[in-house]
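**Q** what follows is a predicted structure for the sequence shown.
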Amino acid sequence: MFDKSEKAFPAKKNGLFLSHCAISPMQRHAKEAAQEFLDAMAEGGISRLPAFYKLLPKFHQQCGRLFKTDATNISSVHNTAEAMCLIANGYPFQPGDEIISYIHEFPSNHYPWRLQEKRGVKLVLLSDSDLIGSFTDSRSPRGWSMEELEQKVTARTRIIAVSHVQFTNGYAADLKQLGAFCKERNIDLVIDGAQSVGCLPLYPKEYNVSAVAVSCWKWLMGPFGTGLLYTSPRFREKIEITMAGSSSMQQGLEYLDHTWNPHVDGRKFEYSTLSWEHLAALNGLLKNVFLRYSMDDIRAEVLRLQDIFLEHLDPDLFNPLLFPDANRSGILALLPKKNAGELVERLTKHRIVVTLRSEYIRIAPHFYLGDDDMKRAAECFNMEAV
C-alpha cells in the first residue's frame, strides 16, 4: 500500500531516521518541486513567474483537503510562532480575560500568549498529571489532564491553547473531547499541530478547533522554515490585523491604491512575499504523499512500527512512556536506565538518528520505514544500553 522506497525517501540510503519530531529529511517530491522553481528563477526571474502563479491557490486547496475544510480557511506562514503571534496579538482580549495552556508547551505556543499579559490577560498553566501515562517519573514532563483543565476554566476563559501532541513525550490530546468541551462553553480552541499534522488525523471543523498552526518540516517532511495556519471563519472575524503589507489588500498588484481593504479569508494573514519554492515543495508533498494516503492509515502504520520496536526492546534497560490509544502519537518517549545523552551519541555509529528532550529519548518513525528497520533499531538500543 505505502511506497517505502529509497527513491521516494532518499534519507533511507543514509541510515535509519527516527526523529520526525525534529527536522525531517525532505521527501523526494518536495525537493524536486522546489528545485524546479529555483531553476526557473535562476534562468529568468520575474519572466518565469507566470508559470507558478497557481502555487498559492493550489496550496490553499490541498491543505484544505488535508484538513477537510475549505481552501479559504488556509494561510501560508513561515512557522508555528508566526501563526500564534498573528492570532494572539490580534485577539480581542479584555483585561481580566484568561488563557489556559500547559506548563511544558513548546516556546512557539507559550511566548505569544505570555505577551498578552501586557494587556492584562492572565495565562493559566496546567501542571503535569499523575493520572496519565504508564509511570509517574518526576524527571520529565508527562502531559496534562482534562480533570485539571475543567477545574481551571472560569467564566473569563477565552482561549485554550495546547499542542495536539506534546513535543517532549508524545502525549496527544483527545481533540474530540476537548473540542466538545470548548464548544459547550464558547471557548476558542487553538492547537499547535507541529507534532501531529502529517502523522495524525486533525480535522478542525469536526473537532470544533478555532485555529491550527503547523511547522511543516517535521511530520510533513517539508522545507525548513515553512508552515501553515488554519482559522475558522467565525474565529478569523475576531482577529485584528497586526501585520500588514503588499499582499494584505484585495486590490493586489495595484500598489499605489492604498485603500484599506484587507482580505477576509485566509489571505488575511499572508501579509507579504511568501517563499514560493516552499509552496512548490509542499504542493508536491501533499499531492504525492499526504493526499495519496489517508491520515488514519498513516497513523495506524506509525503506531504499528512503534509496537514492533517495543516488542524487541529490552524492558530491563528502558522504561517507555505509554499512553491509552486515544492519547498515542508518532512520538514514543523512552527513559533509559543509563545516561540518555551518551546512548544517543552511541547510536550514531549505527547511523540511527534520534533526539533527546528533557530526559527522554524520542523515537519518531514515519510510515515509510519497515518492520526490519524497527527490529534493527531495538537491537541497537539494547546493545548500546548495556
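**A** Yep, it's here. Remember, it's a predicted structure, so these values are computed and weren't measured experimentally.

**Q** show the subsequent helix or strand relative to the longest strand along the chain.
**A** Secondary structure assigned by DSSP state E gives strand 157-163 as the longest strand of the chain. Toward the C-terminus, strand 157-163 is succeeded by helix 175-185 as the next helix or strand (DSSP states H and E).

**Q** so what does that following helix touch, helix or strand wise?
**A** Under the contact definition 3 or more C-beta pairs under 8 Å, 6 or more residues apart in numbering; DSSP states H and E, helix 175-185 sits against helix 146-152, strand 157-163, strand 188-192, helix 204-207. For the C-beta atoms, the positions are set from N, CA and C on the backbone; glycine is no exception.

**Q** among the ones you listed, show me which one is buried the most.
**A** Among the helices and strands packed on helix 175-185, strand 188-192 has the highest mean neighbour count (mean count of other C-beta atoms under 10 Å), at a mean of 26.

**Q** list the helices and strands that one packs on?
**A** The criterion is 3+ C-beta pairs under 8 Å, 6+ apart, and the helices and strands that strand 188-192 contacts are helix 80-90, strand 157-163, helix 175-185, strand 211-215.

**Q** and Phe323, how close does it get to Gly245?
**A** Per C-beta to C-beta, to the nearest Å, Phe323 is found 42 Å from Gly245.

**Q** and Met249, bridged to which residues?
**A** Beta bridges link Met249 to Pro262 when assigned by DSSP bridges.

**Q** surely it is in contact with Tyr255?
**A** No: under the criterion of C-beta atoms under 8 Å, Met249 is not in contact with Tyr255, lying 9.4 Å apart.

**Q** any weak-confidence spans in the stretch 51-200 of the chain?
**A** Counting by pLDDT under 70, the stretch 51-200 of the chain contains low-confidence residues at 130-139.

**Q** Met249 and Tyr255 - which one has more neighbours?
**A** Met249 (19 against 9; other C-beta atoms under 10 Å).

**Q** and the pLDDT for the more buried one?
**A** Here, the pLDDT recorded for Met249 equals 95.

**Q** ok, now the one 4 residues further on?
**A** Each residue has a pLDDT score; the one for Leu253 is 91.

**Q** do the same with His29
**A** Per-residue pLDDT puts His29 at 96.

**Q** okay, now it: neighbour count?
**A** Neighbour count of His29, defined by other C-beta under 10 Å: 20.

**Q** got the angle between the longest strand of the chain and helix 80-90?
**A** Note on geometry: by axes from the mean of the first three to the mean of the last three C-alpha atoms, to 10 degrees, strand 157-163 and helix 80-90 are set 180 degrees apart in direction.

**Q** strand 157-163 vs strand 188-192, what angle?
**A** 20 degrees.

**Q** which helices and strands sit right next to strand 157-163?
**A** Taking 3+ C-beta pairs under 8 Å, 6+ apart as the contact cut, strand 157-163 packs with strand 98-102, helix 175-185, strand 188-192.

**Q** then the first one to PDB, C-alphas only?
**A** These are the backbone C-alpha positions of strand 98-102, laid out as PDB (Å, rounded to 0.1, in the frame of the first residue of the first chain):
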ATOM      1  CA  GLU A  98      -7.800  34.200  30.800                       C
ATOM      2  CA  ILE A  99      -5.900  31.800  28.500                       C
ATOM      3  CA  ILE A 100      -5.300  28.200  29.600                       C
ATOM      4  CA  SER A 101      -2.200  26.300  28.400                       C
ATOM      5  CA  TYR A 102       0.200  23.700  29.600                       C
END
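
**Q** which SS class is the residue nearest to the spatial centre of the chain?
**A** For the chain, the residue whose C-alpha lies nearest the mean C-alpha position (C-alpha atoms, centre = their mean) is Ala194; its distance is 1.1 Å. At Ala194 the chain is in coil, as set by DSSP: H, G, I helix; E, B strand; the rest coil.

**Q** ok, now which ones touch it?
**A** Ala194 sits next to Thr80, Phe106, Ser108, Ser163, Phe167, Ala213, Val214, Ser215, Lys218 when contact means C-beta atoms under 8 Å, 6 or more residues apart in numbering.

**Q** returning to that earlier point: most packed of the helices and strands packed on strand 157-163?
**A** The stretch of the helices and strands packed on strand 157-163 with the highest mean neighbour count (mean count of other C-beta under 10 Å) is strand 188-192, at a mean of 26.

**Q** sheet-wise, list the partners of it with their directions.
**A** Partners of strand 188-192 in its sheet, by DSSP bridges: strand 157-163 (parallel), strand 211-215 (parallel).

**Q** would you list these in JSON lines and tack on distance to Asn382?
**A** Below are those laid out as JSON lines (distance: least, C-beta to C-beta, whole Å):
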{"stretch": "strand 157-163", "distance to Asn382": "31"}
{"stretch": "strand 211-215", "distance to Asn382": "33"}
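
**Q** Asp97: which of the ones you listed is closest?
**A** Closest to Asp97 of these is strand 157-163 (C-beta to C-beta; 4.7 Å).

**Q** what residues does the closest one touch?
**A** Residues contacting strand 157-163 (C-beta under 8 Å, 6+ apart): 84, 91, 93, 97-102, 105-106, 109, 113, 124, 126, 144, 149, 153, 173, 178, 182, 185, 187-196.

**Q** redo that, cut-off 6 Å
**A** Strand 157-163 is contacted by residues 97-102, 113, 173, 187-190, 192 when judged by C-beta atoms under 6 Å, 6 or more residues apart in numbering.

**Q** can I get it in PDB? Just the C-alpha atoms.
**A** What follows is strand 157-163, C-alpha atoms only, in PDB (Å, rounded to 0.1, in the frame of the first residue of the first chain):
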ATOM      1  CA  THR A 157     -11.500  31.800  29.900                       C
ATOM      2  CA  ARG A 158     -11.400  32.900  26.300                       C
ATOM      3  CA  ILE A 159      -8.800  30.600  24.700                       C
ATOM      4  CA  ILE A 160      -7.400  27.100  25.400                       C
ATOM      5  CA  ALA A 161      -4.000  26.900  23.600                       C
ATOM      6  CA  VAL A 162      -2.300  23.500  23.700                       C
ATOM      7  CA  SER A 163      -0.400  21.200  21.400                       C
END
